[in-house]
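**Student:** need a 3D model of the following:
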Amino acid sequence: MTDSKYFTTTKKGEIFELKAELNSDKKEKKKEAVKKVIASMTVGKDVSALFPDVVNCMQTDNLELKKLVYLYLMNYAKSQPDMAIMAVNTFVKDCEDPNPLIRALAVRTMGCIRVDKITEYLCEPLRKCLKDEDPYVRKTAAVCVAKLHDINAQLVEDQGFLDTLKDLISDSNPMVVANAVAALSEIAESHPSSNLLDLNPQSINKLLTALNECTEWGQIFILDCLANYTPKDDREAQSICERVTPRLSHANSAVVLSAVKVLMKFMEMLSKDLDYYGTLLKKLAPPLVTLLSAEPELQYVALRNINLIVQKRAYDSLFALRATLPTTRPEILKHEMKVFFVKYNDPIYVKLEKLDIMIRLASQANIAQVLAELKEYATEVDVDFVRKAVRAIGRCAIKVEQSAERCVSTLLDLIQTKVNYVVQEAIVVIKDIFRKYPNKYESVIATLCENLDSLDEPEARAAMIWIVGEYAERIDNADELLESFLEGFHDESTQVQLQLLTAIVKLFLKKPTETQELVQQVLSLATQDSDNPDLRDRGYIYWRLLSTDPVAAKEVVLAEKPLISEETDLIEPTLLDELICYIGTLASVYHKPPSAFVEGGRGVVHKSLPPRTASSESTESPETAPAGAPPGEQLDVIPTQGDLLGDLLNLDLGPPVSGPPLATSSVQMGAVDLLGSGLDSLIGTPNFVSPPATAVPANLGAPMGSGLSDLFDLASGVGTLSGSYVAPKAVWLPAMKAKGLEISGTFTRQVGSISMDLQLTNKALQVMTDFAIQFNRNSFGLAPAAPLQVHAPLSPNQTVEISLPLNTVGSVMKMEPLNNLQVAVKNNIDVFYFSTLYPLHILFVEDGKMDRQMFLATWKDIPNENEAQFQIRDCPLNAEAVSSRLQSSNIFTVAKRNVEGQDMLYQSLKLTNGIWVLAELRIQPSNPSFMLSLKCRAPEVSQHVYQAYETILKN
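**Tutor:** Numbers count the residues shown, from 1 in each chain. Coordinates of the predicted model:
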């Protein structure tokens, strides 16, 4: 007979009977009694009164009985902490039992009893089990440490369990290694600031070795740990990828997704030109396809993760396109379109996800196949699915230009079916096609107008009204059509009312004589009879525009509209990068970071992909920079709208990835890069071989004794803590160009930290929220080090001051001029683009003072043709004042000489990317004009360094 009999009893007064049975001398009777107790406990009866009697049953050799008693203990120990202490002696005794199963059972139960009073008694048994000879006991003890840490973190640290846990990573048994990694990862997640998993190439090698031998869940723990490691270079990244790739063929889908996560992360560090990179991409497709043959729930998880991967590849292709790189790289899943075709018995959630991925994979090569499939879907019975299918046809038209005509033809066929919801969805997407391809498909407007009476959904009505208003000059009876909508104006949704108001104003501006009465009617309805503030405000704006300046009204309302993008539904790049780090978890299913759905801060760690490797993607070969422009000439740095949109399309506008803190640049670049040769890719200059004869600055005779002994000059190279010169704020983005948002700002450098000090002013009539900022790639890798924090909504006429920390670990691309910075700012209204010049002195680092001998050797080493001379006029300062003022901006005086009445200052400075600039400044007393000679391996920066000198000395 099975154990189900224990759950069927309905006797009363059984507690007393159970008590008697638990104290019986017969082992079988005891075991039966404990089973009855567990059954009662399982169905919700309170059997805590039997605690002492059950604990007495612990003294047994029977493993089954011991397991049952431990189960009871775990459940009731918290409500009976004083009684639970009775069990401590047994735990200690069981931890020394000859049977490893009993030792492991004891240590597992100890970890589950969450009672503060007894945790200290359990430390000694746990310590013994962590060093047990049996690997099964050790692996169980490793997990127990994580549980104990959750109860009393300080106790675990004091007892040295964390160090023991770290030692277990080197254990000979792979399952022990896996559990140690799992425990340390769990502890590290609850304490993100602690550096418990201090991974290095040696420990990574041990983990990869264990990966081949441990169980599937152990493999998942190890792969998740590997995903948190950042390899030191692309060679190490490739080595790890090669050893992880076999996991892609594992039968467990969780192992496959964890392996995909590791590979997606490390692929960022591989050069995209490598053959191995293409091979790896091809290997990723089959396991992902295999996951789609599982049950629907697993299919859905796989599809959500595939969606992220496909979007990531779309961004990478976009990135290559913007950088004018060849885009012949193998695209993941591009040949696997058929596996995403919908099956008749797929649940709706799987169907919709497959549909989304089909659109993302659509290309000129497979569009005919995709369109035929979508047209088939549009005749299904599931209304929601049909709507999505019709929208998908429109998205294909916008994405693949060559297919637009075929898509429009397909949509017209669907409109002819006269199925109401199909017609309405078709009209909505045709409006978007008009936006993407103006003056191309307007011939279908007549067909659309025939279906005007059947439209009953707000979105479809609004789309049709927009079409009538936008193309009013081509529709003979446009006024009659719009007037028919006006009859039930107050019954329409806000979306339709706003669209109708705008459409009639457009119609009036195109046909003023025929529609004056109509426009007065709609303005009156919007401003006097409406309670909706948005509608009223728009009505008043149009009324005032039309009454005061009809020409301006025409320019505003009938302005040329920007073309819509085909990838507007892509996840923001920063969020996408974070989600890639969470492949195989709930975050990848929700498409939200864990912080969005995990309550509290516990266990939420913000992750990001490593920066792209410095391959051909970041080393465009720029043209040779032009000769320095005259200092007084204001350079035009506002790029064309097309350039900005092109480059900023693949910028994310979510929270930026925070880079390492701005310490000294020697840490960023390394000692080898001291003289800036590491930036050859940016500047485009060849590595220089020292010529036999070079010029030396006058009278700088210094002994050449210890040439490289004081290379970093740590004793005297750190500048004063006073901040560098800060320019007054200037308007970077006028309100008229940003729908009422005015942005002013300046750049500062204080104690090694660069900031962009912004002033945001709302000159619009609506509240502004959801601010975000991102920079385009630039010459020195400037990037936001934190999100743009606007803590409260920005009300009309309100101004807020924000200091945005910056770092220099962003993507690098040479700009023209060199200090040009293109910025995108997003809020709830729109995305706005502007461009500004940052002063180069914010990039002068604090350890830019060069040793005298090094200065002399470097000056000689830099070729004469790299020397540039400038004159600084109208500067009535003496040498001491000049030296002091420049030092506050990290331009350091290495030596000073007086030659024939002239003060000669020899100075050095270093940029954040490791480029050194050497200077000779000649100051003639009573003469306000100085002569500045600059030498640098990257002569392009000399003009901007000179401008920095002028700015600092004259302000």
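
**Student:** the strands in the chain, which residues?
**Tutor:** For the chain, the strands defined by DSSP state E occupy 730-733, 741-750, 753-762, 772-775, 783-784, 799-807, 820-826, 831-837, 867-872, 892-899, 902-910, 916-923, 930-936.

**Student:** quick one: contacts for residue 819?
**Tutor:** With contact set as Cβ atoms under 8 Å, 6 or more residues apart in numbering, residue 819 has these partners: 779, 837-840, 944. C-beta coordinates here come from the backbone N, C-alpha and C atoms, glycine included.

**Student:** so for the nearest residue to residue 855 once chain neighbours are set aside, what's the pLDDT?
**Tutor:** In this structure, residue 855 finds its nearest non-sequential neighbour in residue 894, 4.9 Å apart by Cβ to Cβ, 6 or more residues apart in numbering. On the pLDDT scale, residue 894 is placed at 91.

**Student:** swap in residue 617?
**Tutor:** The score at residue 617 is 40. That number is its pLDDT.

**Student:** just to revisit the earlier point, the residue nearest to residue 855 against residue 907, yeah?
**Tutor:** Yes: if you go by Cβ atoms under 8 Å, residue 894 and residue 907 touch, sitting 6.3 Å apart.

**Student:** now stretch 345-355: how far from the chain's centre is it?
**Tutor:** Stretch 345-355 sits 28 Å away from the centroid of its parent chain (Cα atoms, centre = their mean, to the nearest Å).

**Student:** and the contacts of that stretch?
**Tutor:** 296, 299-300, 303-304, 307, 340-342, 377, 382, 384-385, 388-389, 392.

**Student:** pull out the buried members of those.
**Tutor:** The neighbour count (16 or more other Cβ atoms under 10 Å) marks 299-300, 303-304, 307, 340, 342, 377, 385, 388-389, 392 as buried among the contacts of stretch 345-355.

**Student:** of these, closest to residue 37?
**Tutor:** Nearest to residue 37 among these is residue 300, at 41.3 Å by Cβ to Cβ.

**Student:** how about the contacts made by the closest one?
**Tutor:** By Cβ under 8 Å, 6+ apart, the neighbours of residue 300 are 347, 349-350, 353, 589.

**Student:** just those now: which is nearest residue 463?
**Tutor:** Using Cβ to Cβ, residue 353 comes nearest to residue 463 of the contacts of residue 300, at 25.7 Å.

**Student:** what are the ranges of the helices in the stretch 201-350 of the chain?
**Tutor:** With DSSP state H, counting those that start in this stretch applied, the stretch 201-350 of the chain shows helices at 201-211, 216-227, 234-244, 253-267, 275-291, 296-322, 348-361, listed in chain order.

**Student:** and the last one, what's buried?
**Tutor:** Along helix 348-361, these residues count as buried under the neighbour rule (16+ other Cβ under 10 Å): 350-361.

**Student:** before we move on, what about the third one?
**Tutor:** Along helix 234-244, these residues count as buried under the neighbour rule (16+ other Cβ under 10 Å): 234, 236-241, 243-244.

**Student:** chain center to that helix, what's the gap?
**Tutor:** Helix 234-244 sits 23 Å away from the centroid of its parent chain (Cα atoms, centre = their mean).

**Student:** what sits against residue 608?
**Tutor:** Neighbour list for residue 608: 574, 577-578, 581, 657 [criterion: Cβ under 8 Å, 6+ apart].

**Student:** scan the contacts of residue 819 and report the most crowded one.
**Tutor:** residue 779 (27 neighbours; other Cβ atoms under 10 Å).

**Student:** quick one on the thing from earlier: now tabulate the contacts of residue 608 in a markdown table and tack on distance to residue 260 and pLDDT.
**Tutor:** What follows is these, written out as a markdown table (distance: Cβ to Cβ, whole Å; pLDDT from 0 to 100):
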| residue | distance to residue 260 | pLDDT |
| --- | --- | --- |
| 574 | 20 | 83 |
| 577 | 15 | 86 |
| 578 | 16 | 87 |
| 581 | 12 | 88 |
| 657 | 21 | 41 |
